[in-house]
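>>> quick one: sequence plus predicted model below, questions after.
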Amino acid sequence: MAAGMPDPHLARYRFCPTCSAAVQQLERGGRLRPTCAVCGFVLYRNPVVGVAVVVMRRGSVLLGLRSGSFADQWCIPCGYVEWDEDVRRAAEREFKEETGLSVQAGSVLAVHSNFHNPVQHTVGIWFRGRVIGGKLAAGDDLKEAAYFPLYALPQPLAFPTDLLVLEQLRAEYARRSERAVRARTRIRN
């Protein structure tokens, strides 16, 4: 969005959510934003945080076939962080809702801005995870969940950023394999 141009999605807001006075498009932070001249409230349009847990098993990754938005496309099980939720707990909750599996969210694997949906900009956080219980059964926004080898992923993928994460995992897996081959060669020599 060019500086000084009003965000078309924010232009529909006509009244202040704090005091109900009419809002005006005023420059704030280099952009035109709905601003209340009475109480000073400024309406900012910020991204929503999405979270996902990546579970690997012997070179395969757990993916889900979506049933809601982006139906019949595959993704890393994911969802949104609620207002009062810790990002790791949200990732674990979403994973359980979608796959039936309880997981422990570990280290951050990746963080990306998602621009694929023109109506909702999200920032995604992908965590490494391990299964600690439950039984694999698709639920919530998924109609199927299964493990796929990193080099034989189903198509189409719902989200371009999932592809970035899966490519990162492929590169990591390839580096580990190369190191293992070099180590075996050293042992033999």
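Nice, I can see it.
>>> from now on I want contacts and neighbour counts done on CA atoms only, so please keep to that.
Will do.
>>> this structure: helices as residue ranges?
Ranges of helices within the chain are 87-99, 160-188, based on DSSP state H.
>>> packing partners for the longest one?
Pointing back at helix 160-188 there. Using 3 or more C-alpha pairs under 8 Å, 6 or more residues apart in numbering; DSSP states H and E as the contact test, the elements touching helix 160-188 are strand 101-114.
>>> can you mark which positions in the strand it packs on are buried?
101-105, 109-110, 114 (16 or more other C-alpha atoms under 10 Å).
>>> for residue 178, state which of these is nearest.
Within the buried residues of strand 101-114, proximity to residue 178 (C-alpha to C-alpha) peaks at residue 109, which comes in at 20.7 Å.
>>> ends of stretch 35-53, what's the gap?
The first residue of stretch 35-53 is 38 Å away from its last residue (C-alpha to C-alpha, to the nearest Å).
>>> now find how far off-centre that stretch is within its chain.
Its chain's average C-alpha position is 19 Å from that of stretch 35-53, according to C-alpha atoms, centre = their mean, to the nearest Å.
>>> list the contacts of the most centrally placed residue in the chain.
Note on the chain: the residue nearest the mean C-alpha position is residue 124, at 3.3 Å, using C-alpha atoms, centre = their mean. Residue 124 sits next to 49-52, 111-114 when contact means C-alpha atoms under 8 Å, 6 or more residues apart in numbering.
>>> just residue 135 next, same as before
Contacts of residue 135 were listed using C-alpha under 8 Å, 6+ apart, and they are 99-101.
>>> how does it look with 10 Å?
For residue 135, the contact set (C-alpha atoms under 10 Å, 6 or more residues apart in numbering) comprises 96, 99-102.
>>> need the helices of the chain in a markdown table (columns: mean neighbour count and distance to residue 12).
Listed next are these as a markdown table, based on neighbours: other C-alpha atoms under 10 Å; distance: least, C-alpha to C-alpha, whole Å:
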| stretch | mean neighbour count | distance to residue 12 |
| --- | --- | --- |
| helix 87-99 | 23 | 31 |
| helix 160-188 | 13 | 29 |
